[in-house]
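1. sequence below, structure please.
(one chain, ligands or ions: 1)
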Amino acid sequence: MQIQESEWFDRVRQQFDYAPYPRIPLEKLPHGNYEELFVHSLVTPYYLRHQTVVDTRGKTILDVGCGSGYKSLILAIANPGAHIVGIDVSSKSVELSRLRFQVHGFTDAEFHTLSVEELPQLGMQFDYINCDEVLYLLPNPTVGLQIMGSVLKPTGIIRTNLHSYLQRDVFYRAQDLFRMMGLMDGNPEEFEIDIVRETMASLKDDVLLKKQTWAPKFEVSEDPEAVVSEILMNHLFQEDKGYTVPQLFEMLNASKLELITMLDWQSWNVADLFETSDGLPKVWQAILTCGSTAETLPIYELFQPNHRLLDFWCGLPLQTQPLVPIDQWEQSNWQNCTVHLHPQLQVEAIKAQLMQCIDTSTAFDFSRYVNLSAPAPVSIDSHIAIALLPLWDGPQPMQALVERYQTICPLHPITLQPVSIDATFSKIKQLIQQLAQFCYVLIERSLNP
Ligand SMILES: C[S@@+](CC[C@H](N)C(=O)[O-])C[C@H]1O[C@@H](n2cnc3c(N)ncnc32)[C@H](O)[C@@H]1O
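-> Numbering: from 1, shown residues only. Here you go, the predicted structure:
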């Protein structure tokens, strides 16, 4: 390790030995946080990549920079039967992760005080690598991606993220200021945190740095530790760096990895930024129709830098034929497919809510459970929601869903004429297609249609 890099390493390690992150009590479980579980479930990106519903049993999942282990715990819960491996440069964080797993009785896990650069030492290959809020701290994120790519199985997936320079530029300004004052020369602790707090509290409210990076609750917080964490992870965050989407693509190219999708893919749609998508200026219609993802994501970022994280899934280039997107499937694919509910939505509380909506003829809102910052709610009418109920009992052939709905609604509600099975099929297909865009349901093509 070069001298410059070893200084970097010590600064990061000291910061997280002093204040392991996240600061979440050991007893806390993520139950009821469907979105967190959905995002940490290998089923979600695996489906987006391979259009199949993966069985998580026996899979090996790595959490790089596991911190105090809360996200590792979510990974363990969201991926039943998987073996969890956590690494972190901060031994204090690793200790807390081990303790957290003990508290909840999870034994199929191992934690190591190790840097991402040392990963090959483990001699393991992974099905899924989660590297959350770590990459932007590395001296060279491309090297981190390359190393993770080298320990990834061929069909494996990496979830990682970078801080957005455009969204967080105010914090980089704050860090420049406090660095100039010498507050980041050593490891920022109580003394340095107090100076930040005092400075911000005594600035006029309309000073931009205060207006954009400070909240009055930081001065009168009932939870002082939360304020400390807030300051350390923003104003005094050692080695925090921001990047843009084009830089993200450069890193992926240099690491021979392919973008699968942004994690919150529903919230990166340029057309959603215009008043109406039908009335787009011609030039934008052309750009958005012909532009690749690598071209349109930077446009979104320049129009609307509202994502703190450039959070994405990526993988090694696939050796297989590219998948046919669902909206290009043939009728025979639809007729022979199987529909699954996303396993993280397959819970009694959500089923009970759906049944209540059906009973009271009110719309059922999927985005209440998982929305990934989608710009609009994803609500479905209670009449059609009825069709989904069997999915809580397990995967269903598309044909079975159609036939059941046909039995429930055999007549057209206005003409009272019998509805044809083809019309029912199209109606259910439209519903499933809408929900599949969000991965609320996962549709698998039969191997022998
Ligand atoms: C902001 S925390 C994120 C913790 C956790 N991933 C989460 O999102 O809750 C960053 C963590 O990455 C660890 N870290 C930083 N550089 C690392 C490296 N090169 N190798 C392994 N861990 C690293 C830090 O010690 C710290 O615990």
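2. wait, does the lowest-mean-pLDDT helix or strand in the chain contact the ligand?
-> Across the helices and strands of the chain, mean confidence by mean pLDDT, DSSP states H and E is lowest for helix 3-18: a mean of 84. Yes: residues of helix 3-18 are located near the ligand by Cβ under 6 Å from any ligand atom, namely Val12, Phe16. C-beta here means a position set from N, CA and C on the backbone, and glycine is covered the same way.
3. and after that helix, which helix or strand comes next?
-> Going down the chain from helix 3-18, the next helix or strand is helix 34-40, by DSSP states H and E.
4. model confidence over that next one, on average?
-> Averaging pLDDT along helix 34-40 yields 97.
5. what does the stretch 1-150 of the chain put close to the ligand?
-> Counting by Cβ under 6 Å from any ligand atom, the residues of the stretch 1-150 of the chain close to the ligand are 12, 16, 21-22, 64-67, 70-71, 87-90, 93, 115-116, 132-134, 137-138.
6. regarding the chain, what is its longest strand?
-> strand 152-164 (DSSP state E).
7. partner strands of that strand and their direction?
-> Within its sheet, and counting by DSSP bridges, strand 152-164 is paired with strand 126-131 (parallel), strand 242-243 (parallel), strand 309-315 (antiparallel).
8. does the last one reach the ligand?
-> No: counting by Cβ under 6 Å from any ligand atom, the ligand is not contacted by strand 309-315; separation bottoms out at 10.0 Å.
9. buried ones in that strand?
-> Buried residues in strand 309-315, counted by 16 or more other Cβ atoms under 10 Å: Leu309, Leu310, Asp311, Phe312, Trp313, Cys314, Gly315.
10. got the CA positions of it in CSV?
-> What follows is strand 309-315, C-alpha atoms only, in CSV (Å, rounded to 0.1, in the frame of the first residue of the first chain):
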residue,chain,number,x,y,z
LEU,A,309,-26.9,8.3,-4.4
LEU,A,310,-26.2,7.0,-7.9
ASP,A,311,-27.3,3.6,-6.7
PHE,A,312,-27.1,0.8,-9.2
TRP,A,313,-26.9,-3.0,-9.9
CYS,A,314,-24.3,-4.2,-12.3
GLY,A,315,-22.8,-7.6,-13.5
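11. following it, which helix or strand comes up?
-> helix 331-335.
12. and that next one, average pLDDT?
-> On average, helix 331-335 scores 95.
13. what packs against it?
-> The contact analysis (3 or more Cβ pairs under 8 Å, 6 or more residues apart in numbering; DSSP states H and E) places helix 331-335 against helix 398-408, helix 421-436.
14. which parts of that helix are buried?
-> Buried residues in helix 331-335 (16+ other Cβ under 10 Å): Asn333, Trp334.
15. how far out from the middle of the chain is it?
-> How far helix 331-335 lies from its chain's middle: 31 Å, per Cα atoms, centre = their mean, to the nearest Å.
16. on that earlier part again, among the residues of the stretch 1-150 of the chain next to the ligand, which are in strands?
-> Secondary structure from DSSP E places Val64, Ile87, Asp88 of those in strands.
17. and of these, the nearest to Asp205?
-> Asp88 (38.6 Å; Cβ to Cβ).
18. quick check, pLDDT for the closest one.
-> For Asp88, the predicted pLDDT is 98.
19. just give me the neighbour total for it.
-> Neighbours of Asp88 under the rule other Cβ atoms under 10 Å: 31.
20. equivalent analysis for the one 4 residues further on, please.
-> Using other Cβ under 10 Å, the number of residues around Lys92 comes to 16.
21. now do the contacts for the nearest residue to it once chain neighbours are set aside.
-> Counting by Cβ to Cβ, 6 or more residues apart in numbering, Asp17 is the residue found nearest to Lys92 once chain neighbours are left out, at 4.4 Å. If you count contacts by Cβ atoms under 8 Å, 6 or more residues apart in numbering, Asp17 has them with Ser90, Ser91, Lys92, Ser93.
22. one more time with 10 Å
-> Val89, Ser90, Ser91, Lys92, Ser93, Glu95, Asn187 (Cβ atoms under 10 Å, 6 or more residues apart in numbering).
23. and the gap between the first one and Gly242?
-> Distance from Val89 to Gly242, counting by Cβ to Cβ, to the nearest Å: 21 Å.
24. what's the answer for the last one, then?
-> If you measure Asn187 against Gly242 using Cβ to Cβ, the figure is 22 Å.
25. cool, Ser115 as well?
-> Plainly put, Ser115 is 22 Å away from Gly242 if you go by Cβ to Cβ.
26. in the helix or strand containing Ile287, what's buried?
-> Assigned by DSSP H and E, Ile287 belongs to helix 282-290. By neighbour count on 16+ other Cβ under 10 Å, the buried set for helix 282-290 is Trp284, Leu288.
27. send the alpha carbons of stretch 39-50 over as CSV?
-> The C-alpha trace of stretch 39-50 is given here as CSV (Å, rounded to 0.1, in the frame of the first residue of the first chain):
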residue,chain,number,x,y,z
VAL,A,39,-34.0,-3.8,-2.4
HIS,A,40,-31.8,-6.2,-0.5
SER,A,41,-33.4,-9.3,-1.9
LEU,A,42,-31.3,-11.0,-4.6
VAL,A,43,-34.6,-11.9,-6.2
THR,A,44,-35.1,-8.3,-7.4
PRO,A,45,-31.9,-7.7,-9.4
TYR,A,46,-31.7,-11.3,-10.5
TYR,A,47,-35.1,-11.1,-12.1
LEU,A,48,-34.2,-7.8,-13.8
ARG,A,49,-31.0,-9.4,-15.1
HIS,A,50,-32.2,-13.0,-16.0
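28. picking that back up, following the helix holding Ile287, which helix or strand comes up?
-> helix 293-303.
29. packing partners of the helix holding Ile287?
-> For helix 282-290, the packing partners by 3 or more Cβ pairs under 10 Å, 6 or more residues apart in numbering; DSSP states H and E come out as helix 293-303.
30. can you pull the buried residues of the helix it packs on?
-> Buried residues in helix 293-303 (16+ other Cβ under 10 Å): Thr296, Leu297, Pro298, Ile299, Tyr300, Glu301.
31. the third one contacts Glu250, doesn't it?
-> In other words, Pro298. No: under the criterion of Cβ atoms under 10 Å, Pro298 is not in contact with Glu250, lying 11.5 Å apart.
32. overlap in contacts, these two.
-> Thr244.
33. where does the stretch 201-350 of the chain have low pLDDT?
-> 221, 277 (pLDDT under 70).
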